[in-house]
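# Dropping the sequence and predicted coords here.
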Amino acid sequence: MKIKTLFRASTLERAETDSENRTVKLSFSSEIPVERYFGNEILSHAPGAADLSRLNNGAPLLFNHDPDRLIGVVESARIADGRGVAVVRFSRNPDGERAFQDVQDGILRNVSVGYRIEQMQLTGERDGIKTYTVTRWTPHEISAVSVPADPTTQIGRNEDSGEEYAVEVIATETNEEQVEMEPETKIETVATPVVDVEQIGAEAVKAERARVAQIEAIAKKHGLEDLGRQLIEGGKSLDESRAAFLERIQETQGAKIVKTETANIGLSEKEIRQFSFMRLINALANPGDRRAQEAAKYEREISEAAAAKTGRAPQGFLVPTDVLNAKRDLVAGTASAGGYTVSTDLLAESFIELLRKKSIVQAAGARVMSGLVGNVSIPKHTGAASAFWLSEGQSATESQQTFDQVTMSPKTVGAYTDISRKLMLQSSLDVEALVRADLAAVLALAIDQAALYGTGASNQPMGLKGLLAGSAQELDFAGATPTFAEIVGLESKISSKDADVAGMRYIVNANMAGALKSAAKEAGYPVYILEGGTANGYPVLTSNQVAAGDVIFGDFAGSMMLGFWSGLDIMVDPFSGSTSGTVRIVAMQDCDIAIRHAESFARGNNTL
């Protein structure tokens, strides 16, 4: 059977509009039968029926299906409760501004989706009218439309709706003989584009990548990566982002709880470059060596200034965050014992890094607060006031909002490494940078692991697993690899608590990622749960920090916070390895982990 590109209409709801982020959540498709020129059409929303890859890859938001009137971009799309649901973001170009204002004013109320059918099944016939269930279809673009499409006008039959293309029709057993009489029904699908929406989508993606890169560069320069992630996910323009960064810097200078400046002592770039970890370590390792003490005089002064400003007495030297946050080039590293670094022919750039598990919670967007002072209490709104319908003269019953607090208090994590005295004296590599990077990586992975699986006992923070244990936010999978329905079940646990946002993510380990890539959404169809780095439209991040069998889903950017107090406490133990001539360097960091809303997360496993 030959048909053309088809369209379906729906209605925009102003209640689903986010004015600040310029986004609208809408339903673009359903399983309601629509009368077409070839019969009644039902779009299947079963797992694997709709290919949403184009919508989830920056598909265009158009006006009246006009490819020359780009008014925004599709942020995400998914199938939920038998409907196609998408979040679209309106552009700041003139057409986008007008369209978004009309949406907010309730003037522009209709939406239409353009899609192509790959396969449909003849599922019935009544009074000479056939009913086809579309079992494979691909939406190409979403449009805000001034006049909704009328399915009775047989859209798709007109010349301006594009060229016809062939669609495979599968007959039911009861209609097999009848369909075989129609020679055009069993042919291969021909992919004939109607409008160049791919080019439009590519341009939108290119512009979006440029916006993201510029915001990330500013955030990195000023140490405001957490704010940068929020601005990127919120769809803020570059000018809006610059204003937000300036506002945050001004707020930080006068903050009462999160006081980043208290962990800094105001070192210039030149003073930061002069700071040497190895002089500091050598002085601590050799307290009787006057030359070592004199050489580390500058580092001692820095440590004392940091301790005085933070009001903390370190066990060794306190390295301020000025130094910790500075970017220093790592020329190369060392082998397991360090002996291979003493070489006249050493290729520093060829150093092979130690394989480590990837830190995952910050990659997923967890918010970092550094330079905290004292215990921190963050207000949390837990209950709203009540509304009442009143008769004439009746008074409303008093109701109150309820509040709670999320608290954070410093907990200490430590790590150590051993280096030889000769290595410090003879190595041709930047051992200082190597030791610093190694300690930082070990501490970061320990904090990352605690954010997921901290027990809340034995001086550990409480992690996500413990927080969700025994709650309605856990899902017991039937098998080692979850089904697509179970993956969607994790999303439902969050959305049922009104905690779902566009920035949610899945995190899994490598084995689970491999299993999901080979697990079909529906038996018999080569459409898999994890494709293109996403599952049901949400990003999937992989790290072996995640335990076997776990699938964790949630809003890390909005609900997980990592807090850090003061600087890094460095101590040197010259005695434990004295017989072998090694020096042990111990680093300790005060930190804590807090979850603003446990309802923003869900965890699944088949061994709960």
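That came through fine.
# CA atoms for contacts and neighbours, from now on please.
Will do.
# any idea of the mean pLDDT in the helix or strand containing residue 604?
Per DSSP states H and E: residue 604 is located in strand 601-605. Strand 601-605 shows a mean pLDDT of 96.
# list the helices and strands the one helix or strand residue 434 maps to packs on?
Taking DSSP H and E as the definition, one finds residue 434 inside helix 431-453. On a contact count with 3 or more Cα pairs under 8 Å, 6 or more residues apart in numbering; DSSP states H and E, helix 431-453 meets helix 277-285, strand 411-420, helix 464-468, strand 582-595.
# can I get the ones you listed in CSV with distance to residue 308 and mean neighbour count?
Output for these, formatted as CSV (distance: least, Cα to Cα, whole Å; neighbours: other Cα atoms under 10 Å):
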stretch, distance to residue 308, mean neighbour count
helix 277-285, 18, 22
strand 411-420, 20, 17
helix 464-468, 35, 19
strand 582-595, 17, 22
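# which stretches of the stretch 151-300 of the chain form strands?
165-166, 168-171 (DSSP state E, counting those that start in this stretch).
# Which of those strands comes out lowest on mean pLDDT?
When these are ranked by mean pLDDT, strand 165-166 comes last with a mean of 56.
# residue contacts, residue 506?
535, 538, 539, 540, 541, 551, 552, 553, 554 (Cα atoms under 8 Å, 6 or more residues apart in numbering).
# related to what we said a few turns ago, what packs against the strand holding residue 604?
Going by 3+ Cα pairs under 8 Å, 6+ apart, strand 601-605 lies up against helix 464-468, strand 474-476, helix 484-495, strand 551-554.
# so can I have JSON lines of these showing distance to residue 287 and mean pLDDT?
Formatted as JSON lines, the helices and strands packed on strand 601-605 follow (distance: least, Cα to Cα, whole Å; pLDDT from 0 to 100):
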{"stretch": "helix 464-468", "distance to residue 287": "44", "mean pLDDT": "94"}
{"stretch": "strand 474-476", "distance to residue 287": "54", "mean pLDDT": "95"}
{"stretch": "helix 484-495", "distance to residue 287": "57", "mean pLDDT": "94"}
{"stretch": "strand 551-554", "distance to residue 287": "49", "mean pLDDT": "96"}
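# Tell me which of those sits most buried.
Of all the helices and strands packed on strand 601-605, strand 551-554 carries the top mean neighbour count, a mean of 24, counting by mean count of other Cα atoms under 10 Å.
# chain center to that one: distance?
Chain-centre distance of strand 551-554: 11 Å, with Cα atoms, centre = their mean, to the nearest Å.
# and the helix or strand following that strand, what does it pack onto?
Per DSSP H and E, the first helix or strand lying C-terminal to strand 551-554 is helix 556-559. For helix 556-559, the packing partners by 3+ Cα pairs under 8 Å, 6+ apart come out as strand 367-372.
# who does the strand it packs on touch, helix- and strand-wise?
Using 3+ Cα pairs under 8 Å, 6+ apart, strand 367-372 sits against helix 556-559, strand 560-573.
# State the pLDDT value of the residue lying closest to residue 90 once chain neighbours are set aside.
In this structure, residue 90 finds its nearest non-sequential neighbour in residue 72, 4.1 Å apart by Cα to Cα, 6 or more residues apart in numbering. The model reports residue 72 with a pLDDT of 91.
# ditto for residue 19
Looking at residue 19, its pLDDT reads 84.
# For residue 375, give its distance to residue 462.
Using Cα to Cα, to the nearest Å, residue 375 is found at 16 Å from residue 462.
# When these two are compared, which one has more neighbours?
The neighbour comparison of residue 375 against residue 462 (other Cα atoms under 10 Å) goes to residue 462, with 20 against 11.
# Would you mind writing the CA trace of stretch 285-292 as CSV?
What follows is stretch 285-292, C-alpha atoms only, in CSV (Å, rounded to 0.1, in the frame of the first residue of the first chain):
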residue,chain,number,x,y,z
ALA,A,285,59.1,13.6,56.5
ASN,A,286,62.3,15.2,57.8
PRO,A,287,61.5,17.4,60.8
GLY,A,288,65.2,17.6,61.8
ASP,A,289,66.4,18.7,58.4
ARG,A,290,66.9,22.5,58.6
ARG,A,291,67.2,22.8,54.8
ALA,A,292,63.9,21.0,54.3
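# Burial check on the closest residue to residue 488 other than its chain neighbours, number of neighbours?
What sits nearest to residue 488 in space, not counting adjacent residues and going by Cα to Cα, 6+ apart, is residue 536, at 7.6 Å. For residue 536, the number of neighbouring residues by other Cα under 10 Å comes to 24.
# who touches residue 536 in this structure?
Applying Cα under 8 Å, 6+ apart, the residues near residue 536 are 78, 79, 488, 529, 530.
# Domain-wise, how is the chain divided?
With domains defined by automatic domain parsing, the chain comprises 2-195, 254-261+325-382+400-608.
# If you count neighbours, what's buried in the strand holding residue 604?
Neighbour counts over strand 601-605 (16 or more other Cα atoms under 10 Å) mark 601, 602, 603, 604, 605 as buried.
# I'd like the residues you listed laid out as JSON lines, including distance to residue 481.
Output for the buried residues of strand 601-605, formatted as JSON lines (distance: Cα to Cα, whole Å):
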{"residue": "601", "distance to residue 481": "19"}
{"residue": "602", "distance to residue 481": "16"}
{"residue": "603", "distance to residue 481": "14"}
{"residue": "604", "distance to residue 481": "10"}
{"residue": "605", "distance to residue 481": "9"}
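# hmm, back to that, so which of the helices and strands packed on strand 601-605 gets nearest residue 215?
Among those, strand 551-554 comes nearest to residue 215, with 23.9 Å by Cα to Cα.
# Which secondary structure element is home to the residue nearest to residue 38 when sequence neighbours are not counted?
Nearest residue to residue 38, sequence neighbours excluded (Cα to Cα, 6+ apart): residue 130, at 7.6 Å. Per DSSP H and E, residue 130 falls inside strand 129-145.
# other SSEs contacting that strand?
With contacts taken as 3+ Cα pairs under 8 Å, 6+ apart, strand 129-145 sits against strand 39-43, strand 60-63, strand 110-126.
# among those, which is the most enclosed?
strand 60-63 (a mean of 29).
# pLDDT of that strand, averaged?
So the average pLDDT for strand 60-63 ends up being 90.
# moving C-terminal of that strand, what's the next helix or strand?
In N-to-C order, the element after strand 60-63 by DSSP H and E is strand 66-80.
# can you state the direction angle for that next one and helix 484-495?
Orientation of strand 66-80 against helix 484-495 (axes from the mean of the first three to the mean of the last three Cα atoms, to 10 degrees) gives an angle of 100 degrees.
# ok, strand 66-80: who's next to it in the sheet?
Using DSSP bridges, strand 66-80 pairs in its sheet with strand 60-63 (antiparallel), strand 83-90 (antiparallel).
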